[in-house]
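Student: the following comprises the amino acid sequence and a computationally predicted model.
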Amino acid sequence: MPSLARTAALSAFLVLLAAIPASSLGSGPTARASTRTCHLSYHQQTHLGTTYVLSLRVRVTKCRDGRRIVKAFHKCRKEHHHRAGKCHHRVFGYRCSERRFNKSRLSYDSKVRCRKGGRRVWHTYTQNT
């Protein structure tokens, strides 16, 4: 009988051990910078320099700084009129690249990526022409 009790206890222990997720066994911290999605009020979506800013994400910077960069990017885009309204200048030291899609006679959507060292700001927007 004692060997049956030991076998049952060992089986119960193995079942509990299998139920513990691998992440809680001390796999160590991940070395990834946190990316955060910034909430934009309706007023912010419509007053950052384009028709609508649909989304904003930042890494290693604040959402407030991300909004500032978005607004400056669109100001640059409108002032310089380079290649159909694209900004090819640095904005607060950030280098930005843009990819447009869903193009029509009336509007287009665009994804913009800005980077400065390890800092990143991504946003998508819609521009009505």
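Tutor: Alright, I've got the coordinates. Residues are numbered from 1 along each chain as shown.
Student: can you list the residue ranges for strands in the protein?
Tutor: Counting by DSSP state E, the chain has strands at residues 35-37, 52-59, 95-101, 107-116, 119-128.
Student: quick one, which of those is nearest to Ile69?
Tutor: In terms of CB to CB, the element of these nearest to Ile69 is strand 119-128, at 5.0 Å. In short, each C-beta sits where N, CA and C put it, glycine included.
Student: could I get the strands of the chain as JSON lines with mean neighbour count and distance to Arg67?
Tutor: Compiled in JSON lines, the strands of the chain are given as follows (neighbours: other CB atoms under 10 Å; distance: least, CB to CB, whole Å):
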{"stretch": "strand 35-37", "mean neighbour count": "12", "distance to Arg67": "13"}
{"stretch": "strand 52-59", "mean neighbour count": "18", "distance to Arg67": "7"}
{"stretch": "strand 95-101", "mean neighbour count": "14", "distance to Arg67": "14"}
{"stretch": "strand 107-116", "mean neighbour count": "18", "distance to Arg67": "12"}
{"stretch": "strand 119-128", "mean neighbour count": "19", "distance to Arg67": "9"}
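Student: want to throw the ones you listed into a markdown table with mean pLDDT and distance to Phe73?
Tutor: Output for the strands of the chain, formatted as a markdown table (pLDDT from 0 to 100; distance: least, CB to CB, whole Å):
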| stretch | mean pLDDT | distance to Phe73 |
| --- | --- | --- |
| strand 35-37 | 96 | 18 |
| strand 52-59 | 98 | 10 |
| strand 95-101 | 95 | 6 |
| strand 107-116 | 96 | 6 |
| strand 119-128 | 96 | 8 |
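Student: save those as TSV, and put in distance to Asp65 too.
Tutor: TSV is the format used below for the strands of the chain (distance: least, CB to CB, whole Å):
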stretch	distance to Asp65
strand 35-37	12
strand 52-59	7
strand 95-101	14
strand 107-116	10
strand 119-128	8
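Student: which one, of these, ends up nearest to Val70?
Tutor: Of all those, it is strand 119-128 that lies closest to Val70, at 5.1 Å by CB to CB.
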